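Colleague: Give me the fold of what follows.
(chains A, B and C)
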Amino acid sequence: MVEPKPIDNLQLDAAGRLRHFLSIEGLDRDLLLRIMDTAESFAAVSEQKVKKVPLLRGKTIVNLFFENSTRTRTTFELAAKRLSADVLNINIAVSATAKGESLLDTVRNLEAMHADMFVVRHEQSGAAHFIARHVAPHVSVINAGDGRHAHPTQAMLDMFTIRRLKGQFDALRVAVVGDILHSRVARSEIRALNALGAAEVRVVAPKTLLPAQVETLGVKVFRNLEEGLRDVDVIIMLRLQKERMSGALLPSEHEYFTCFGLTEQRLALAKADVIVMHPGPVNRNIEIESRVADGPHSVILQQVSHGIAVRMAILSMAMQVGDGRPGRRVNA
Amino acid sequence: MVEPKPIDNLQLDAAGRLRHFLSIEGLDRDLLLRIMDTAESFAAVSEQKVKKVPLLRGKTIVNLFFENSTRTRTTFELAAKRLSADVLNINIAVSATAKGESLLDTVRNLEAMHADMFVVRHEQSGAAHFIARHVAPHVSVINAGDGRHAHPTQAMLDMFTIRRLKGQFDALRVAVVGDILHSRVARSEIRALNALGAAEVRVVAPKTLLPAQVETLGVKVFRNLEEGLRDVDVIIMLRLQKERMSGALLPSEHEYFTCFGLTEQRLALAKADVIVMHPGPVNRNIEIESRVADGPHSVILQQVSHGIAVRMAILSMAMQVGDGRPGRRVNA
Amino acid sequence: MVEPKPIDNLQLDAAGRLRHFLSIEGLDRDLLLRIMDTAESFAAVSEQKVKKVPLLRGKTIVNLFFENSTRTRTTFELAAKRLSADVLNINIAVSATAKGESLLDTVRNLEAMHADMFVVRHEQSGAAHFIARHVAPHVSVINAGDGRHAHPTQAMLDMFTIRRLKGQFDALRVAVVGDILHSRVARSEIRALNALGAAEVRVVAPKTLLPAQVETLGVKVFRNLEEGLRDVDVIIMLRLQKERMSGALLPSEHEYFTCFGLTEQRLALAKADVIVMHPGPVNRNIEIESRVADGPHSVILQQVSHGIAVRMAILSMAMQVGDGRPGRRVNA
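Modeller: Here you go, the predicted model:
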């Protein structure tokens, strides 16, 4: 994983409030908790009869997707519409913006049209940071996934799901299982779990799917799934990004499932009330057995629901409205 | 035509109200009339200065199209927007959901995002029924065309058009002309006309374009257009689905027009006040002469207008609002 | 340039108010000023916290694009949404409407769905006029670019930009530089500048990129850039439409830049307070040096901002609301 240089407080304004949401790094425990508290109020909105609040009415949110992802785009579009924002979907072939210069031209033009926020998906690590470093003062940037680097809204919805189901983090043992090396989700998860004080964060993967010096991220490494699952409270399965792998890294899907697939039998090694998470879409019977994915420990669909609430929280907080602080009521 | 197994009341809730709208089968005359009465109130909305009512504000309607149809998608999108719903358009290549399992995964994910309704278009007969059988209790499914099976909103807009222009059904002779075999519209039309008590429903087609045992649907069969048109009140022309036909079924477009094209001369065989309908888009001078399509008997564009009103009625009734019953005012 | 036959007042209603907006031709100075006055009030809307006015609530605006242009479509979509209209984007491959007949069928169908306005982009000159000549009385047509003929909203946003920055037109010398021959913008600009009484309108281009008898448009012709720029107040650079040119017209991009590229050195020949305009997207270092495009004289991004305000003005005026006349307040 290429680590972009840390940027002092690029994500926060002078008062310590969220301005951009680019990565879990640089956000402290308090802010992560504040995001979850705000998401809590929005979770209720999605269950109302009228699933809409006027918080971002008259704001223009641009989904700037340089990489196709219907699923992620859909969740951001729904979150924005439920906040009453106007949403513009723009898909840009990477070829058209091969030069950094023309990426900036695109951003400048949308700014001139008075866009208030860019939700950026890009195959290159650091793209959202790059844009955030160059936007006008009134514009916020949300990272919706950049290369292998980060997918911080996914991490936050997972934290929100864990908190809702498990309460405090400090007693939890969490295993992150699968392709750590290529996963933009894994890195964000690990940072968030550590920031929130999880008792133990484990990564479980074959050697070929682990980044070098992964221990420095603050994790315990397991190369054997049975050992890695023993007594954990939370299992976060990663999606096998087939397209990212050359044959050299993995012998076959079948062999992967044999060694690292989550089966009911293996699940029994974890705590009795373990929850099973997956960012979706699930490759059934490759990284996870269908009856586990659909079973009583699975919270995969709850993650999807929470994804809307968490994105509503992040969008509205970055726009400096409805951040869950006293006196700033979401439904006011 | 493959007949999916009948499903008891899948379309109705325990109180007999519309829950899903999948096919004309299983809906009684009263309900069809209630849809038309509700559509009547929405027809007025589309002619207002502000063509919008707040009935479905805060609801999320997903256009789930597994088969491309800009035209049908557009009418549902407009209907939903005029009801103030949020609309999400999702086009899914059939390949991505080749297994029924992953179709369900897609549905489950959208449900988890608190979608309220799926408008489903699919090339396979029974797809909308399949989804309706599996959705959560609060979600409604509307069939926007499935394979050769049904296209029930098209049938309802045609019934609405006939009622507006002809009043009662019980004195009407209606001819459905063209490719009955491959038409998803034809079957729905025939059922609706019979449910509403039309005096006589005729199908007019060459032998190769008629399904086996078509008489069992409750129609009189004509293989000669002149005979079939004699003294009818309503002519429903079907679109020639060129892409569905192999050369064996039809000699040539020209020959088809010679035998089954609706010309002014043939139109004169019908009643003097006959109306001519077509689901569009018209293949001019193949199934219908241009001057008939644009002539004084044609109500083709009125059908399009009515399509919005009828879809607004069905969407709002399936969401249990504005079903035209006393005390539930559409504009309240 | 093929000149469509002039059409008496197709753009105006009996009371002289804007009904369609197709070309600058046929619109007098007063109306152009009225558009700019109305745009002035909308420029404020885009800078408000809630960038939305309810003027076109419940209206349906169809972006009918027969030619792909994300940029132009985006500006119209934003303008329409900020006026609270419902927007429908329809992209139509030219092949599907090869015959004028089926183009009309498409229009008739959308009219039947109670569309209120078509924003038309087409590669053929006169397409928007053709549609305007055939639409129903309540429907307005806006030309968003047709072939080489006109791009009148671009011209109006440029006039608005000039007026905001320079005040009166009657003392201004304006140079339009580049591919006059293939530019749909150039013709509209020249007409607008003359209608507004600019002191001098110059075109600057190599012989191969000038239309025959260009002088008849009311311009002074320069084939040398240095001479053409001398003492001008406004420079309008045109985009080099590479795809429209055969090798015979231009030796190479590099040679074009050498002769007709706007550099800092050449800019110094103009007045000290000259403004530099470009319709975008800029071909950096082909028609304009990067440091000029981003320099202190450049107003390129202001043009983009003004594009939203001017389009809001034109959309609302064509719908007969908010035309800036006394007693018709935009924010009422």
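Colleague: I'd like to know how many residues surround the nearest residue in space to A:Ser140 that is not next to it in sequence.
Modeller: In space, and not counting its chain neighbours, A:Ser140 is closest to A:Ala318: 4.0 Å by Cβ to Cβ, 6 or more residues apart in numbering or on different chains. In this view, the C-beta of every residue, glycine as well, is placed from N, C-alpha and C. The number of residues packed near A:Ala318 is 21, by other Cβ atoms under 10 Å in any protein chain shown.
Colleague: which ones are touching A:Phe260?
Modeller: A:177-178, A:204-206, A:225, A:287 (Cβ atoms under 8 Å, 6 or more residues apart in numbering or on different chains).
Colleague: any idea how far it lies from chain B?
Modeller: The span separating A:Phe260 from chain B equals 21 Å under the rule Cβ to the nearest Cβ, to the nearest Å.
Colleague: Please identify which two of the contacts of A:Phe260 are farthest apart in space.
Modeller: Checked with Cβ to Cβ, those reach their widest spread between A:Pro206 and A:Glu287, with 12.3 Å between them.
Colleague: Now A:Leu110: closest residue in space, sequence neighbours ignored.
Modeller: A:Val62 (5.5 Å).
Colleague: Give the helix, strand or coil label for that neighbour.
Modeller: Counting by DSSP: H, G, I helix; E, B strand; the rest coil, the backbone at A:Val62 sits in strand.
Colleague: my read: it touches A:Arg121, true?
Modeller: No. Using Cβ atoms under 8 Å, A:Val62 and A:Arg121 do not qualify as a contacting pair, with a distance of 11.6 Å.
Colleague: And the contacts of A:Phe260, which is closest to chain B?
Modeller: A:Glu287 (14.1 Å; Cβ to the nearest Cβ).
Colleague: Tell me who's in contact with the closest one.
Modeller: Contacts of A:Glu287 by Cβ under 8 Å, 6+ apart are A:177-178, A:237-240, A:256-257, A:260-262, A:278.
Colleague: In terms of helices and strands, where is the residue lying closest to it once chain neighbours are set aside?
Modeller: Distances taken as Cβ to Cβ, 6+ apart put A:Leu240 closest to A:Glu287, at 5.0 Å, once the chain neighbours are dropped. A:Leu240 belongs to no helix or strand when elements are defined using DSSP states H and E.
Colleague: what's the burial count for A:Leu240?
Modeller: For A:Leu240, the tally of surrounding residues (other Cβ under 10 Å) stands at 23.
Colleague: hang on, the earlier thing: compare the contacts of A:Glu287 and tell me which has the most neighbours.
Modeller: Neighbour-wise, the contacts of A:Glu287 (other Cβ under 10 Å) top out at A:Gly178, 29 neighbours.
Colleague: who's in contact with it?
Modeller: Contact analysis of A:Gly178 by Cβ under 8 Å, 6+ apart lists A:186, A:204-205, A:209, A:237-240, A:260, A:287.
Colleague: do that again at 6 Å, thanks
Modeller: If a contact means Cβ atoms under 6 Å, 6 or more residues apart in numbering or on different chains, then A:Gly178 has A:237-238, A:287 as its contacts.
Colleague: Restricted to helices, list those residues.
Modeller: Cross-referencing these against helices under DSSP state H gives no overlap.
Colleague: Show me which of the residues you listed is closest to C:His182.
Modeller: C:His182 has its nearest neighbour among these in A:Leu238, at 52.0 Å by Cβ to Cβ.
Colleague: hmm, who's touching stretch A:221-241?
Modeller: A:162, A:172-179, A:182-183, A:186, A:189, A:202-204, A:260, A:262, A:266, A:269-271, A:275-279, A:283, A:286-288.
Colleague: what is the mean pLDDT for it?
Modeller: Stretch A:221-241 carries an average pLDDT of 95.
Colleague: Can you tell me how far the residue nearest to A:Ser140 is from chain C?
Modeller: Here the distance between A:Ala318 and chain C works out to 15 Å (Cβ to the nearest Cβ).
Colleague: just A:Ala212 next, same as before
Modeller: Taking Cβ to the nearest Cβ as the measure, A:Ala212 falls 40 Å from chain C.
Colleague: Helix, strand, or coil at that residue?
Modeller: Local secondary structure at A:Ala212 is given as coil here, using three-state DSSP.
Colleague: For it, the count of nearby residues, please.
Modeller: 8.
Colleague: try A:Asn194
Modeller: A:Asn194: 16 surrounding residues under other Cβ under 10 Å.
Colleague: Next, it: phi, psi?
Modeller: phi -70, psi -40 (degrees, to the nearest 10).
Colleague: and A:Val203, what are its phi and psi?
Modeller: As for A:Val203, its main-chain torsions (degrees, to the nearest 10) stand at phi -110, psi 140.
Colleague: does it really touch A:Val177, like I thought?
Modeller: No. Counting by Cβ atoms under 6 Å, A:Val177 is not a contact partner of A:Val203; they are 7.8 Å apart.
Colleague: ok, for the residue in chain A that chain C sits nearest to, nearest residue in space, not its chain neighbours?
Modeller: Taking Cβ to the nearest Cβ as the measure, the point where chain A comes nearest chain C is A:Gly58, at 3.2 Å. Nearest-residue entry for A:Gly58: C:Val50, 3.2 Å, with adjacent residues in sequence omitted and distances by Cβ to Cβ, 6+ apart.
Colleague: The one you found looks like it's in a helix, true?
Modeller: No. Secondary structure of C:Val50 (three-state DSSP): coil, not part of a helix.
Colleague: what's the spacing between it and C:Arg82?
Modeller: Here the distance between C:Val50 and C:Arg82 works out to 10 Å (Cβ to Cβ, to the nearest Å).
Colleague: Just name whatever secondary elements the worst-scoring helix or strand of chain A on mean pLDDT is in contact with.
Modeller: The weakest-scoring helix or strand in chain A, judged by mean pLDDT, DSSP states H and E, is helix A:100-112 (a mean of 83). With contacts defined as 3 or more Cβ pairs under 6 Å, 6 or more residues apart in numbering or on different chains; DSSP states H and E, the secondary structure elements packing on helix A:100-112 are helix C:300-318.
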